[in-house]
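Colleague: need a 3D model of the following:
(chains A and B)
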Amino acid sequence: MDKEGNMTYQKYYRILCACLLAAILATIVWVLHRCALSKEEVARRDAAATDVDWASVVDNPSERLTIHWLGMPNPGGVDGGWIEEQLEARFNVELCPVILDYKGYSTKKPLMFAAGDVPDVILENDPIVLQRDAFHGFLLDIPYEVLREHAPHYVRDLNDNAPIGWLYAYWNGRNYGLPTWQEGGGLSVPGVWRADWLQAVGIDEVPETLEEMHEAFRRFTFDDPDGNGVQDTFGFSGDAQSWWWASFQDIFGAYGVTPYDWQVTDGRVAWGGVLPEAKEALALLRQWYAEGLLDPEFVTDTYGSGKSLDRKLLNGVIGYRAFSAYFNYFDSSNPAGMNNMLQKLNPKGRFVPGKFPIGPGGRRGGRVWGKGGWIIAFGKHLKDQPEKVVRVLHMLDAMVVDEDLFLATKYGQRGVHWDYRLPEVGPSGGLMPLPPYDDANQAQQAMLRFYNPGENAKFYMKYKTQRKLDFMRQHQNPKWSLTDALGKPDVVPSASQYMGDLRGRQMTVYAEIIRGDKSLEAFDAFVKEWHSRGGEVMTKEANDMYRMRETIYRQVGVNPQTLEAPNEHP
Amino acid sequence: MNTHKTSRNRTQREWLGMLAPCFLLLLLFNYIPMLGNIIAFKDFRLDLGILASPWNGLENFRQLFSGADFMAAVKNTIVISVLRLGIGFWAPIILALLLNEIRIKWFKRTIQTVTYLPYFFSWVILGGIFLMVFSLRGPANMIVSLFGVDPITFLTNDRWFLALLIGSAIWQGVGYGAVIYLAALSGIPVQLYEAAAVDGAGHWQQMLKITLPCLVPTMIVLFILSLGQIMSAGFDQVYNLYNPMVYDVADIIDTYVLRRLQTMDFGLATAAGLFKSVIGLTLVVGTNMIVRRMSNGERGVW
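Modeller: Sure, this is the predicted structure:
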């Protein structure tokens, strides 16, 4: 009896527990359901939240404003310092720099934002990031008229130099910031050759066509250019993974393609990597690989200072590298210049700037980022303090117009951070950083460039040395620059969903084709795959954006005559 | 009698009291965050937060499973894990058995330390070393060339890369795994061996009939626990070694999730993570159930 009673008791207890649990679960589900907004509600809030009556915004210069500013990547930066003092005194602001290193923009920044820590000024490095931040509701949209009113000189200079940047700041029908630009970004960057190797194998002129290049690579590989009696050299190598935009860009350029960018062909925008010309370039690379001219380690080699391609070039494993002819390499006064470093290792060694090889159709060139830069965006919470936006726009405008402020925010204080290289010549002799600020870490600590990612074409030229200008004029002709039809490939809205995976897939297939793991016909299969895995959606969006470009340009006041010629594909 | 009971209650209370902070931590950092898994069913927006973001049904999962990338990542993860478990599971057992046979103390200790050491190196460092050692002109190919074989592209050939991945994972983990088995070995009563020796069992037979059976419970526990990790193919290792040529075999769920997180697609990333966890949990619970059935409830993790 006792036992039986115990059993019933246990049974009831279990049922009771189950009921309780079910009730708790039901409550949780109900609460969760009540808390979630409907999609319509979210859309309604989005539309309402950004209504700032800009016309009535008054910025009172005598009111001191505190501004949290996420500027250029600056791992060693510190709050305070001369530049900050200058800006604070002149614009009556209290600046609180938010300092991140380059990697922090993709790792730390999203976490900061998620925790509600959104700065007032946010420098966004890529359109894809701006779009995601805008989607997640962190950014304030700013009409073009507001920018034109409060930063007129900045907007005018941008319109004249790099209007494509406006696409980077655009998302879902609104403008989310003020793009920056870089004057040097439009210059083409040819490859460099080992001049002593060319001489050793009996070639007097820097190769100028694909055939001449082929011959030079052949001799570099088989004619023992370093004279050590061992066949241990290659014509060239590449970077099949990280610097997708630099790898073999001269060879693709000879066929008129930029394989990881949008290109205009027959009046429509198409992905360069799926055009028939890309296949032709791959066929050539594949043939050169089979002949043994291309270092098989091109798959794992990497660009970047001190990385494997630097080492291979300096140690005489390869005799040519694309996308390398920068003035710094040949600057005899720079001990870290590649030429000087080579001569330390090998007194006979010498680099010369190359020329873009001319392809079968007479085309030549190489891919560059173009003049479009980053985007200066504003935190959405500023909708309640729009005067901060106005104040910052005034600051940015002054940095473009006022030469002293430009110099101060870019390079710091004359006599402390920098001085003229040749005081008697002045600006055209060039600037040089003064110790200890010639050290990158010290320069970061001094917050050089942090607040001023902008550019001014006039000042840019004015403070370059004559030798550098000559070098750029002679070797870095913008005529050979191939740029993305939309500036950056990931400006299309679906890029965050498809671009990364498709780009990785393209690198794999390209490398496999070049190495001969797959037949050349694998390219056609890739084209189909690319379209079906999101490429089609992106291509449509790219065409829409390309058409919309004109509308945006009109709204923002770009003079149609100054429009850059896009990367036309004949 | 009565006093005995209260004192026991008191000790129990004290123990529970000591447990409470740990339990609290577990609750706070392991269980409450689990509620965040509802992001997998939402069109998550950071500014709205987890609760207020609108529901999305199974849209995230639909996107995951309709994309070729995720399915390929799942396949690669399983292939790498199964190979690693199938081969790597036995390595620490063999090492422990071998170590157990060594009688010279300093030699045994040296071997143990040397095999144990790699466990403490981060894959960021090991990755750099491996890329160098197995490059075309690296030491590995120098040795290979002594036998007149052409240089092998270890890092960019699908099969060699898999072999390298699994081999290096075993190399790194074998010493650590052996420690657990060595502990189990030291727990085997000496009397068993003495009795076997009296019965005339040789060295080999002692190992087969005594040592191995005594290790089985440990093996089962470790096997079940490692099944839970089958959807994790070792992110640190893969991420530091892979390159475009081997994406086809080396893109795993974790690298996929990382890419989604970098583009702030938290819904997709959470859905992928949840999928991974559910499979892992099912495997652990399922295997444990099978083991318990087969051993009449005597073996298993719980």
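
Colleague: use CA for all of it now, contacts and neighbours both
Modeller: Will do.

Colleague: state the number of residues packed around the closest residue to chain A within chain B.
Modeller: Of all residues in chain B, B:Ala52 sits closest to chain A, at 4.0 Å by C-alpha to the nearest C-alpha. Number of residues near B:Ala52 (other C-alpha atoms under 10 Å in any protein chain shown) recorded here: 21.

Colleague: separation between the residue nearest to A:Lys371 when sequence neighbours are not counted and B:Ile32?
Modeller: Among residues not flanking A:Lys371 along the chain, A:Gly185 sits closest, at 4.6 Å (C-alpha to C-alpha, 6 or more residues apart in numbering or on different chains). Separation of A:Gly185 from B:Ile32 (C-alpha to C-alpha, to the nearest Å): 49 Å.

Colleague: and those two? which has more neighbours close in?
Modeller: For A:Gly185 versus B:Ile32, the count of surrounding residues by other C-alpha under 10 Å is larger for A:Gly185: 18 against 11.

Colleague: buried set for whichever strand or helix holds B:Arg292?
Modeller: Assigned by DSSP states H and E, B:Arg292 belongs to helix B:266-294. For helix B:266-294, the neighbour count (16 or more other C-alpha atoms under 10 Å in any protein chain shown) marks B:266-274, B:276-277, B:280, B:283-285, B:287-289, B:291-292 as buried.

Colleague: what about that helix, average pLDDT?
Modeller: Averaging pLDDT along helix B:266-294 yields 90.

Colleague: cool, stretch B:126-145 as well?
Modeller: Mean predicted lDDT for stretch B:126-145 stands at 88.

Colleague: give me the distance between the two termini of that stretch.
Modeller: From its first residue to its last, stretch B:126-145 covers 24 Å (C-alpha to C-alpha).

Colleague: so is stretch A:217-230 next to chain B?
Modeller: No - figure legend: stretch A:217-230 not in contact with chain B (C-alpha under 8 Å from any C-alpha of the partner chain); closest approach 13.9 Å.

Colleague: then that stretch to PDB, C-alphas only?
Modeller: This file holds the C-alpha atoms of stretch A:217-230, laid out as PDB (Å, rounded to 0.1, in the frame of the first residue of the first chain):
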ATOM      1  CA  PHE A 217      61.400  34.500 -68.800                       C
ATOM      2  CA  ARG A 218      62.600  31.500 -70.800                       C
ATOM      3  CA  ARG A 219      66.200  32.700 -70.600                       C
ATOM      4  CA  PHE A 220      65.800  33.600 -66.900                       C
ATOM      5  CA  THR A 221      64.800  30.000 -66.300                       C
ATOM      6  CA  PHE A 222      67.200  28.100 -68.500                       C
ATOM      7  CA  ASP A 223      70.200  30.300 -69.200                       C
ATOM      8  CA  ASP A 224      71.400  30.600 -65.600                       C
ATOM      9  CA  PRO A 225      71.100  34.400 -65.200                       C
ATOM     10  CA  ASP A 226      72.800  34.300 -61.800                       C
ATOM     11  CA  GLY A 227      75.700  32.300 -63.200                       C
ATOM     12  CA  ASN A 228      75.900  29.800 -60.400                       C
ATOM     13  CA  GLY A 229      75.800  26.800 -62.700                       C
ATOM     14  CA  VAL A 230      72.600  25.500 -61.100                       C
END
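
Colleague: what's in contact with it?
Modeller: With contacts defined as C-alpha atoms under 8 Å, 6 or more residues apart in numbering or on different chains, stretch A:217-230 is touched by A:197-198, A:200-201, A:231-236, A:292-293, A:316, A:319.

Colleague: and that stretch, what's buried?
Modeller: Buried residues in stretch A:217-230 (16+ other C-alpha under 10 Å): A:Phe217, A:Arg218, A:Arg219, A:Phe220, A:Thr221, A:Phe222, A:Asp223, A:Asp224, A:Pro225, A:Asp226.

Colleague: how far off centre is that stretch?
Modeller: 37 Å (C-alpha atoms, centre = their mean, to the nearest Å).

Colleague: average pLDDT for it?
Modeller: 94.

Colleague: just to revisit the earlier point, contacting residues for the residue of chain B closest to chain A?
Modeller: A:Cys35, A:Ala36, A:Leu37.

Colleague: next one: A:Gly253
Modeller: Neighbours of A:Gly253 in contact, by C-alpha under 8 Å, 6+ apart: A:Phe356, A:Arg363, A:Arg364, A:Gly365, A:Gly366, A:Arg367, A:Leu482.

Colleague: low-confidence regions, chain B specifically.
Modeller: Scanning chain B for pLDDT under 70 picks out B:1-8.

Colleague: need the strands for it, in chain order.
Modeller: Taking DSSP state E, chain B contains no strands at all.

Colleague: likewise for the stretch 101-250 of chain A?
Modeller: Applying DSSP state E, counting those that start in this stretch to the stretch 101-250 of chain A gives strands spanning A:121-124, A:170-171, A:174-175, A:177-181, A:192-194, A:234-236.

Colleague: in the stretch 451-570 of chain A, where is pLDDT below threshold?
Modeller: A:561-570.

Colleague: show me the contacts for the residue in it that chain B sits nearest to.
Modeller: Closest residue of the stretch 451-570 of chain A to chain B, C-alpha to the nearest C-alpha: A:Thr508 (4.7 Å). Residues near A:Thr508 by C-alpha under 8 Å, 6+ apart: B:Pro244, B:Met245, B:Val246, B:Tyr247, B:Asp248.

Colleague: and what of A:Phe523?
Modeller: Applying C-alpha under 8 Å, 6+ apart to A:Phe523 gives the contacts A:Lys279, A:Val509, A:Tyr510, A:Ile513.

Colleague: A:Asp470: what secondary structure?
Modeller: helix (DSSP: H, G, I helix; E, B strand; the rest coil).

Colleague: for the residue in the stretch 151-300 of chain A that chain B sits nearest to, phi and psi?
Modeller: Chain B sits closest to A:Gln241 of the stretch 151-300 of chain A, with a gap of 6.0 Å, by C-alpha to the nearest C-alpha. Main-chain torsions, A:Gln241, degrees, to the nearest 10: phi -120, psi -60.

Colleague: which bits of the stretch 151-300 of chain B sit near chain A?
Modeller: The stretch 151-300 of chain B has residues B:Thr156, B:Asn243, B:Pro244, B:Met245, B:Val246, B:Tyr247, B:Asp248, B:Arg259, B:Gln262, B:Thr263, B:Met264 near chain A, with proximity defined as C-alpha under 8 Å from any C-alpha.

Colleague: now do 6 Å
Modeller: Residues of the stretch 151-300 of chain B lying close to chain A (C-alpha under 6 Å from any C-alpha of the partner chain) are B:Pro244, B:Met245, B:Thr263.

Colleague: ok, the first one to A:Arg194 distance?
Modeller: According to C-alpha to C-alpha, B:Pro244 and A:Arg194 sit 29 Å apart.

Colleague: isn't A:Gln444 up against A:Gly77?
Modeller: Yes - between A:Gln444 and A:Gly77 there is a contact under C-alpha atoms under 6 Å: 5.0 Å.
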